[in-house]
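Trainee: quick check, what structure comes out for this input:
(one chain, ligands or ions: 2)
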Amino acid sequence: MSEHYDVIVIGGGPAGYPAAIRAGQNGLKVACIDGWKNYDGSTTFGGTCLNAGCIPSKILLESSELYHRAHTEFATHGIKTGEVSIDIAAMQKRKSGIVKTMTLGIVGLLKAAGVTALQGRGTLLPGRQVEFVAHDGTRKTLSATHVVLASGSVPTPLKSAPFDGKHIVDSWGALEFDAVPKRLGVIGAGVIGLELGSVWRRLGAEVVVLEAMPEFLSIADQQLAKEALKQFGKQGLDVRLGAKVTGAAVKKNAVEVSYSDAKGATQSLTVDKLIVCIGRRPYTEGLLAEGTGVSVDARGFIEVDDHCHTGAENVWAVGDCVRGPMLAHKGKEEGVAVADRIAGRHAHVNYAVIPSVIYTAPEIGWVGQTEEQVKASGVAYKIGVFPFMASGRARAMEAAQGFAKLVIGRDDDRILGVHVIGPMAGELIAEAVLALEYGASAEDLQHTIHAHPTLSEALHEAALAADKRAIDMPNR
Ligand code: FAD
Ligand code: NAI
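Mentor: Numbering: from 1, shown residues only. Ligands and ions are numbered 1, 2, ... in the order given. Sure thing, here's the model as predicted:
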């Protein structure tokens, strides 16, 4: 007889491990299989997010921002330093240490929830059998009442600039550089391109970002995107829009990139390292045997309904391997919701209220609809904008760039979208998420007392500004 579980989760990233923990909390017998392998061969839980994504990138953003501020801002505060320099090995060692602590933490959390953690590969067989191959090659067949697929995603390769792991790298490679490249090329001005481009720019690299689209950050509110492009330009990020890469060849320890520019003219660029970050694609290699009844769409996503059910009896899928934004918090909510559904509890994921954050400086955060989306929907709307220039706290922080913007229904006063570019936008957006979740009106926000002096006052004032009642700036 095969080993039987109530729930087997395949994938231990931010979608899979929360599903396993919640299923364990719900009193079920659970196994979580994860096959992650690091460059050094070590194996661990946490998936892309902890090992090669959210966490290491935020650690390097923090280190590089401190370094940059020490150079550019300390003197303004009257702080005198000797020569400030960066020790990349020490910076990377700190990063690895935090990642190790956090991934070990997940192993501890799985254990505390009574989950059996299995390291190796899992393949779903028909009838909810799961073939498990441990990293040492040992095989066994398990069975489960429910299976949750959470196999995640991998970087999308670019034919004209194939990864070589040394000069032409993906985002993981770009988190592991052991020296600051003098000249860095980035293909794709998306979230990864902007975050990792910022890291190495702050540390001294000359950074050119080649973006295929004619518009910058087309997924964001365009007023915010314009401000972002202006700020990044000031920081020396050379973003070239409408750039179509036609080839990249490694010659004499450098990469020669050819591309056609927005006017169609052929251009070339020589860099020491090239990061290709043009999006990610779902990863399902070796996950599904024949005859499981689980379908994969033309783009490689596992097909699911609104409740993350695949259509094959008691087989669910969550996170980056299914439709929707490829974000850790989206995957986490799906994983937890599925585990609750399995236990017969009520669960809900509000896909209309998922925050997006880009952890650059200034930070960018938004939730709900952009002004362009509201306009296209035909709904009458009003706008409230408050600049951080008028925020005492932002000025104290020497970070008075950007603004908070609210898009509000004109007829019902309901907040439809909130867009922030400025200090700690990723934290500020949490209030907006709550406002949208509860269907708040601008008036609700106007009547909510915000501590002074805080950055969050910008949201309060933006709500007031929508009705020309802002106090801390002239109303136009
Ligand atoms: P993953 O994290 O990819 O985990 C899937 C796991 O399943 C992996 O460990 C994989 O090895 C394992 N697996 C796959 N197939 C099998 C199998 N057959 N058997 C066993 N194991 C298997 N998102 C944010 O929300 N905020 C951020 O700040 C952020 N920053 C990012 C920065 C970078 C550089 C990158 C690359 C991504 C970032 N993301 C961020 C996106 C985020 O990492 C993903 O959305 C998230 O990791 C998806 O979670 P997941 O569990 O679906 O997949
Ligand atoms: P992305 O989708 O954010 O950006 C990719 C960019 O590359 C787009 O602007 C696109 O127009 C451009 N592009 C596509 N093909 C191109 C080509 N051939 N040449 C030039 N440009 C091209 O994808 P990215 O940055 O790779 O990130 C992958 C995923 O990881 C995203 O979906 C994101 O949600 C997630 N992520 C989230 C973070 C966060 O929440 N802060 C941080 C990093 C990643």
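
Trainee: list the contacts of the helix or strand that contains V338.
Mentor: Here V338 sits within helix 328-342, counting by DSSP states H and E. Helix 328-342 is contacted by residues 6-7, 9, 13-23, 26, 28, 49, 53-54, 146, 148, 150, 307-308, 314, 316, 318-320, 322, 324, 346-349, 351, 354-355 when judged by CB atoms under 8 Å, 6 or more residues apart in numbering. For the C-beta atoms, the positions are set from N, CA and C on the backbone; glycine is no exception.

Trainee: does that helix come close to ligand 1?
Mentor: Yes: using CB under 6 Å from any ligand atom, helix 328-342 reaches ligand 1 at A328, H329, G331.

Trainee: from D444, how far out is H452?
Mentor: According to CB to CB, to the nearest Å, H452 and D444 sit 19 Å apart.

Trainee: which one of those two has more residues nearby?
Mentor: The neighbour count for H452 versus D444, taken as other CB atoms under 10 Å, is higher for D444 (15 against 11).

Trainee: can you name the residues that contact the closest residue in space to the more buried one that isn't next to it in sequence?
Mentor: The shortest distance from D444 to any non-neighbouring residue, by CB to CB, 6 or more residues apart in numbering, is to A435 (7.0 Å). Counting by CB under 8 Å, 6+ apart, A435 makes contact with I415, V418, D444, L445.

Trainee: okay, and A435 sits in which element?
Mentor: helix 425-437.

Trainee: buried residues of that helix, list them for me.
Mentor: Of all the residues in helix 425-437, those buried under the rule 16 or more other CB atoms under 10 Å are A425, G426, L428, I429, E431, A432, V433, A435, L436.

Trainee: go on, stretch 42-55?
Mentor: Buried, per 16+ other CB under 10 Å, within stretch 42-55: T44, F45, G46, G47, T48, C49, L50, N51, A52, G53, C54, I55.

Trainee: just stretch 273-290 next, same as before
Mentor: For stretch 273-290, by 16+ other CB under 10 Å, it's 273-278, 280-284, 287-288.

Trainee: what about that stretch, average pLDDT?
Mentor: Taken as a whole, stretch 273-290 has an average pLDDT of 98.

Trainee: how about stretch 30-42?
Mentor: 96.

Trainee: not counting it itself, show me its contacts.
Mentor: 5-13, 16-17, 20, 23-24, 43-47, 51, 110, 113-122, 130, 132, 135, 142, 144, 176.

Trainee: quick check: H419 vs ligand 2, distance?
Mentor: 15 Å (CB to the nearest ligand atom, to the nearest Å).

Trainee: meant to ask about T246
Mentor: For T246 relative to ligand 2 (CB to the nearest ligand atom), the value is 10 Å.

Trainee: who's in contact with that residue?
Mentor: Contact partners of T246, counting by CB under 8 Å, 6+ apart, are S160, S258, Y259, S260, T266.

Trainee: if we can go back for a sec, narrow the contacts of helix 328-342 to those in strands?
Mentor: Those of those mapping onto strands are D6, V7, V9, H146, V148, W316, per DSSP state E.

Trainee: helix/strand/coil for S160?
Mentor: State at S160, reduced to three classes by DSSP: H, G, I helix; E, B strand; the rest coil: coil.

Trainee: walk me through the domains of the protein.
Mentor: In terms of domains, the chain is parsed into 3-155+281-349, 168-278, 353-465 (source: automatic domain parsing).

Trainee: quick revisit: drop anything exposed from the contacts of stretch 30-42.
Mentor: In the contacts of stretch 30-42, the ones that pass as buried (16+ other CB under 10 Å) are 5-13, 16-17, 20, 23-24, 44-47, 51, 110, 113, 115-122, 130, 132, 142, 144.

Trainee: near ligand 2, which of these show up?
Mentor: Answer for the buried ones among the contacts of stretch 30-42 near ligand 2: none qualify (CB under 6 Å from any ligand atom).

Trainee: quick one: neighbours of V338, just the number.
Mentor: Counted with other CB under 10 Å, V338 comes out at 30.

Trainee: and what of V107?
Mentor: 18.

Trainee: again, but for T76
Mentor: 9.

Trainee: partner strands of the helix or strand containing I408, with direction?
Mentor: Element membership for I408 (DSSP H and E) is strand 403-409. Here strand 403-409 has these sheet partners by DSSP bridges: strand 381-387 (antiparallel), strand 415-422 (antiparallel).

Trainee: switch these over to JSON lines; also include mean pLDDT.
Mentor: Output for these, formatted as JSON lines (pLDDT from 0 to 100):
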{"stretch": "strand 381-387", "mean pLDDT": "98"}
{"stretch": "strand 415-422", "mean pLDDT": "98"}
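
Trainee: check contacts around the residue nearest in space to the middle of the chain.
Mentor: Geometric centre of the chain, nearest residue: L327, 4.9 Å, by CA atoms, centre = their mean. Taking CB under 8 Å, 6+ apart, we find L327 in contact with I354, S356.

Trainee: one step back: for ligand 1, state which of the ones in strands among the contacts of helix 328-342 is nearest.
Mentor: Of all these, V9 has the smallest distance to ligand 1: 9.3 Å, by CB to the nearest ligand atom.

Trainee: can you tell me how far the closest one is from V318?
Mentor: Distance of V9 to V318, given as CB to CB: 9 Å.

Trainee: check K252 too.
Mentor: 46 Å.

Trainee: ditto for V245
Mentor: Remark: distance between V245 and V318 (CB to CB) = 33 Å.

Trainee: more crowded one of those two?
Mentor: V318 (34 against 23).

Trainee: show me the contacts for that one.
Mentor: Counting by CB under 8 Å, 6+ apart, V318 has contacts A15, G16, A19, V148, L149, A150, C308, G331, E334, G335, V338.

Trainee: measure how buried the residue nearest to it when sequence neighbours are not counted is and give me the count.
Mentor: Distances taken as CB to CB, 6+ apart place E334 nearest to V318, at 3.8 Å, with adjacent residues excluded. By other CB under 10 Å, the residues close to E334 number 27.

Trainee: go on, W172?
Mentor: 18.

Trainee: so which helix or strand takes in it?
Mentor: In this structure, W172 is located in helix 171-175 according to DSSP H and E.

Trainee: now do S2, the pLDDT please.
Mentor: 79.

Trainee: as a check, name the ranges of all strands in the stretch 201-350 of the chain.
Mentor: Ranges of strands in the stretch 201-350 of the chain, per DSSP state E, counting those that start in this stretch, are 206-210, 237-240, 244-251, 254-260, 266-271, 273-276, 280-282, 315-317.
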